[in-house]
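S.K.: no sequence for this one, just the structure:
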């Protein structure tokens, strides 16, 4: 039993790496999503073009290949990343590309009359975006952002391929050391599931908080 | 005689193949209350939207308060207006929409104070003091903390009027502001507009189907049809003794539909 708790310790260490990757990857993905999503609706061609290229490229190539490029190929260009940095970079850029389309769709979902009210009140384009359009669009983005975050959490397991000791990596270590298959794989299954639940729950409560007052019911 | 505050000169505007405005010209004097009436698609809402810079024009010129709206004068040449010029011109004009267009995520107070704070740099305290005066004027001082979704249509529209007034425009545009309201809520909005007309010397243009209100409220009535002004005159002339056959048939239809004149 004491032996098991030692192995469980290994798996929990892996869980910490997975959480770290998920958090940092999500921050990068969020930044990229807003940059590219707003670039897609920019009135300047160059921003639209750059955003489109980024989105199509990172959606159109596999996350494995992106990770291998970040870790194995970039050093040839003189940029050496630690496994963690490479993992965050690949995950953030990849999921950011999907989330950028969510940002774009949400911005476009805000009615034309809201833009017209901004013009009539003489708000500048950025002022209207920042104070009127984005706050309303954010509510539309949130549920899908929750999906994206869970996708990112599950995609973190690819970093085990560049020998970063995340949850999946540690499960395989424990399996090869103990010869037990059920215990390590069952525990990582439960941990991934629990983490995903925490994300859904967090996003849903954020959603409820932001929707307060919009439906005419004071909460 | 003072100079007109709005001078519209041969404006044309098409949506695709449909010509909404066909060489429209009109003038509005400072402080004048103008009612624009006519069948739908006649261009009356479009000219308001053009004055608010919500639509681009295809041709013609507009002068507002002595300056070109869609053009800038540079060394005697007329160039298309840039965003900065448009922003400066928009300060002179406010608009109230048929569907209120309040910001649903902001409370009544924030709806009213947002634009003064952002566009004029008014400090929050001063903006809120002015907002309270305006909300008091429209009879909604007790709703400052309410969210738009908690208000009735009439209340929303009164907030929208206060919001537009907060920027102290010289010209106010009202685009069918009671058309989306339940009949029993129409009067509270019209009362605010009467009060506004009585207490300020603002120039007001309203597009409306409330013929009774247009008759009492306006100094002058313009009848629009197919992108042109077919007939204009004092309310009594237009409503009691229309000269043009098209005005007569329009008013007949409106009266048949149960509207009071």
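M.R.: Now that the structure is in, tell me what you want to look at. The structure presented is a predicted model; accordingly, all values stated were derived computationally and were not measured.
S.K.: contacting residues around the closest residue in space to residue A:25 that isn't next to it in sequence?
M.R.: Computed as CB to CB, 6 or more residues apart in numbering or on different chains, the closest residue to residue A:25 that is not its neighbour in sequence is residue A:91, at 3.6 Å. The way it works is simple: take the backbone N, C-alpha and C, and place the C-beta from them, glycine included. By CB atoms under 8 Å, 6 or more residues apart in numbering or on different chains, the contact set of residue A:91 is A:21, A:25, A:28-29, A:63, A:67, A:152, A:155-156, A:159.
S.K.: contacting residues around the spatially most central residue of chain A?
M.R.: Among the residues of chain A, the one closest to the centroid is residue A:26, at 3.6 Å (CA atoms, centre = their mean). Taking CB under 8 Å, 6+ apart, we find residue A:26 in contact with A:92, A:95, A:149, A:152.
S.K.: Let me see the contact set for the third one.
M.R.: So the one you mean is residue A:149. Applying CB under 8 Å, 6+ apart to residue A:149 gives the contacts A:22, A:26, A:95, A:199, A:203.
S.K.: ranking the residues you listed by neighbours, who comes first?
M.R.: With neighbours defined as other CB atoms under 10 Å in any protein chain shown, the most crowded of the contacts of residue A:149 is residue A:95; it has 27 neighbours.
S.K.: what residues does chain B put near chain A?
M.R.: Taking CB under 8 Å from any CB of the partner chain as the measure of proximity, chain B contacts chain A at B:52-54, B:83, B:87, B:90-91, B:94-95, B:97, B:99, B:101-105, B:107, B:114-115, B:118-119, B:147, B:149-150, B:163-164, B:167.
S.K.: Tell me the buried residues within these.
M.R.: The neighbour-count criterion (16 or more other CB atoms under 10 Å in any protein chain shown) marks B:52-54, B:87, B:90, B:94-95, B:97, B:99, B:101-105, B:107, B:114-115, B:118-119, B:147, B:150, B:163-164, B:167 among the residues of chain B next to chain A as buried.
S.K.: Sort out which of those are in strands and list them.
M.R.: B:94-95 (DSSP state E).
S.K.: so of the buried ones among the residues of chain B next to chain A, which ones are in helices?
M.R.: Applying DSSP state H to these, the entries found in helices are B:87, B:90, B:114-115, B:118-119, B:163-164.
S.K.: so which of the contacts of residue A:91 comes closest to chain B?
M.R.: Taking CB to the nearest CB as the measure, chain B lies nearest residue A:29 of the contacts of residue A:91, at 24.4 Å.
S.K.: And the strand or helix carrying that closest one, what's buried?
M.R.: Applying DSSP states H and E as the criterion places residue A:29 in helix A:2-40. Across helix A:2-40, burial judged by 16+ other CB under 10 Å covers A:7, A:10-11, A:14-15, A:17-19, A:21-22, A:24-26, A:28-30, A:32-40.
S.K.: continuing past that helix, what's the next helix or strand?
M.R.: helix A:45-60.
S.K.: what's that following helix packed up against?
M.R.: Counting contacts by 3 or more CB pairs under 8 Å, 6 or more residues apart in numbering or on different chains; DSSP states H and E, helix A:45-60 packs against helix A:2-40, helix A:83-109.
S.K.: Residue B:174 should be in a strand, yeah?
M.R.: Yes - with DSSP: H, G, I helix; E, B strand; the rest coil as the criterion, residue B:174 is part of a strand.
S.K.: ok, how many other residues are close to it?
M.R.: When neighbours are defined as other CB under 10 Å, residue B:174 has 26 of them.
S.K.: residue contacts, the residue nearest to it when sequence neighbours are not counted?
M.R.: Distance criterion CB to CB, 6+ apart; nearest residue to residue B:174, sequence neighbours excluded, is residue B:206 at 4.0 Å. By CB under 8 Å, 6+ apart, the contact set of residue B:206 is B:33-36, B:173-175, B:177, B:193, B:214, B:217-218.
S.K.: Beta-bridge partners for residue B:206, please?
M.R.: residue B:35, residue B:174 (DSSP bridges).
S.K.: Just confirm residue A:20 contacts residue A:84, I think it does.
M.R.: Yes - when contacts are counted by CB atoms under 8 Å, residue A:20 is listed as touching residue A:84 (7.4 Å).
S.K.: And for the helix or strand hosting residue B:232, what's in contact with it?
M.R.: For residue B:232, the host element (DSSP H and E) is strand B:228-233. For strand B:228-233, the surrounding residues in contact (CB under 8 Å, 6+ apart) are B:22-26, B:38, B:43, B:220-224, B:238, B:242-244, B:246-247.
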